[in-house]
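Novice: Please find the sequence and the predicted model below.
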Amino acid sequence: MNDELFLNERIKVLAVFGGGLNPCRPLRFRRINGREVDITEIGLRHPNMKGKRMVHIFDVTDGQADYRLEFDAQQLTWHLTREADHEI
């Protein structure tokens, strides 16, 4: 990610939950300002402990910008924590 903005924005996410190697796949998210972002590609996904909570981190893109989404598995909430211009 280049020229990153560090955020802590609560977002609404449309995701698919299933089995296999990728049990959770975010498809789209809506920001506080109402803007919807369609996810075209998921880069890395990894779990991370924040205190006693498991947070699943997703690096995604819409082809225009890169984003980092965090899913708190205990509170069942999503946050947008980073946004950056897409490097070509």
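Specialist: In hand now; what should we look at?
Novice: how far away is G43 from G20?
Specialist: Noted for G43: a distance of 18 Å to G20, by CB to CB, to the nearest Å. From N, CA and C alone the C-beta is placed, and that goes for glycine too.
Novice: my guess is R68 contacts L80, does it?
Specialist: Yes: with contact taken as CB atoms under 8 Å, R68 and L80 are classed as touching, separated by 7.3 Å.
Novice: neighbour count winner among G43 and G20?
Specialist: G43 (12 against 6; other CB atoms under 10 Å).
Novice: Could you tell me the model confidence score at the more buried one?
Specialist: Each residue has a pLDDT score; the one for G43 is 93.
Novice: host element of it?
Specialist: With elements delineated by DSSP states H and E, G43 resides in strand 41-50, which encompasses its position.
Novice: hey, which helix or strand in the protein has the poorest pLDDT?
Specialist: The helix or strand of the chain with the poorest confidence is strand 2-17; it has a mean of 92 (mean pLDDT, DSSP states H and E).
Novice: Which strands and helices lie in contact with that one?
Specialist: For strand 2-17, the elements it packs on are strand 24-30, strand 65-72, strand 77-85, judged by 3 or more CB pairs under 8 Å, 6 or more residues apart in numbering; DSSP states H and E.
Novice: from these, which stretch is densest packed?
Specialist: For the helices and strands packed on strand 2-17, average neighbour numbers computed from mean count of other CB atoms under 10 Å are highest in strand 65-72, which has a mean of 19.
Novice: Only C-alpha atoms, please: export that one in PDB.
Specialist: Listed next in PDB are the C-alpha coordinates belonging to strand 65-72 (Å, rounded to 0.1, in the frame of the first residue of the first chain):
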ATOM      1  CA  ALA A  65      -7.600   1.700  -4.300                       C
ATOM      2  CA  ASP A  66      -6.300  -0.800  -1.800                       C
ATOM      3  CA  TYR A  67      -8.100  -1.300   1.600                       C
ATOM      4  CA  ARG A  68      -7.500  -3.200   4.800                       C
ATOM      5  CA  LEU A  69     -10.600  -4.700   6.400                       C
ATOM      6  CA  GLU A  70     -10.700  -6.200   9.900                       C
ATOM      7  CA  PHE A  71     -13.400  -8.600  11.100                       C
ATOM      8  CA  ASP A  72     -13.600  -8.900  14.900                       C
END
